[in-house]
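A.B. asks: Structure of the sequence below:
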Amino acid sequence: MNSRQEQTVDPRLPAALSAENASTRLRAALAAGTHPGPALLGALIDRCAVEPDFFVRDMLTWALTRLPAELTVPRLRAELESGGPQARSQALHTLSKIGDSTAWPAITSALLRDPDDDVARSAWRAAVVLVPDAERAALAVELATQFGRGDREVRRSLSRALCALGEVIVLVLHRAARSADPDVRAHAQATERLLRDPDAAFDLDVDAAKRLAALDGGPC
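C.D. replies: Below you'll find the predicted structure:
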């Protein structure tokens, strides 16, 4: 970031990022990304933690991606330890968009199993973007511990994250498909269908999983 770019930062932008009107905040975030400057880093990250509007949050993330990764990634990693779920979720989302592999060690098991569904979903998406090739199989095993979690949208997010890892997930899918828990079985089976056909509908047939468990002689 050169000094000329830094000089183009409007000193009114930090205040505009927290304006009452969402359209004003959106324009401020757009301006912050159009004329990026390191002086805005703190204001952008702070706003991500509390911004209620989805479109503004998305623009804030874009503005952060316009700054040098060596500045943004350490600050975003620090946000992952925040007590606020939105701060963690947005930091994970932004890290996935930046795609800097140095952030991988910050994607912990605690985040992948975070009790807040939005945080966990963001962690799953970030993990499959940032994971080194040598750790893809281990990540698949970790993600498989979340089979059966949450509502349909949460489960679909997990399945899509797993499918992004490719064939390395086949073994964990086969193991989960023999689970005594019908929700886990159904989720694993739906994930395998997605792996084979990415355009397939995400179909969770728990009743079929229960019937199959009964035929296998396993508990339901």
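A.B. asks: Would you map the helices across the protein?
C.D. replies: 3-7, 13-16, 22-34, 41-48, 54-65, 69-79, 85-98, 109-112, 117-130, 136-144, 152-164, 170-176, 182-196, 206-216 (DSSP state H).
A.B. asks: OK, contacts around the residue at minimal distance from the centre of the chain?
C.D. replies: Taking CA atoms, centre = their mean, the centroid of the chain lies closest to residue 122, which sits 1.8 Å from it. Neighbouring residues of residue 122 by CB atoms under 8 Å, 6 or more residues apart in numbering: 88-90, 92-93, 96. Using the backbone N, CA and C atoms, a C-beta is placed for each residue, glycine as well.
A.B. asks: Which of those are buried, as a ChimeraX select command?
C.D. replies: Those of the contacts of residue 122 that count as buried under 16 or more other CB atoms under 10 Å are selected in ChimeraX with:
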select :88,89,90,92,93,96
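A.B. asks: Quickly name whichever of the contacts of residue 122 is closest to residue 29.
C.D. replies: residue 90 (12.4 Å; CB to CB).
A.B. asks: who's in contact with the closest residue to residue 97 other than its chain neighbours?
C.D. replies: Distances taken as CB to CB, 6 or more residues apart in numbering put residue 65 closest to residue 97, at 5.3 Å, once the chain neighbours are dropped. Contacts for residue 65 (CB under 8 Å, 6+ apart) come out as 33, 72, 94, 97-98.
A.B. asks: now do the same end-to-end measure for stretch 163-181.
C.D. replies: One end of stretch 163-181 to the other measures 21 Å (CA to CA, to the nearest Å).
A.B. asks: Show me the contact partners of it.
C.D. replies: So stretch 163-181 is contacted by 128, 131, 136-137, 139-141, 143-144, 147-148, 162, 184-185, 187-189, 191-192, 194-195, 198, 213, 216, 218-220 (CB under 8 Å, 6+ apart).
A.B. asks: Kind regards, and thank you for your time.
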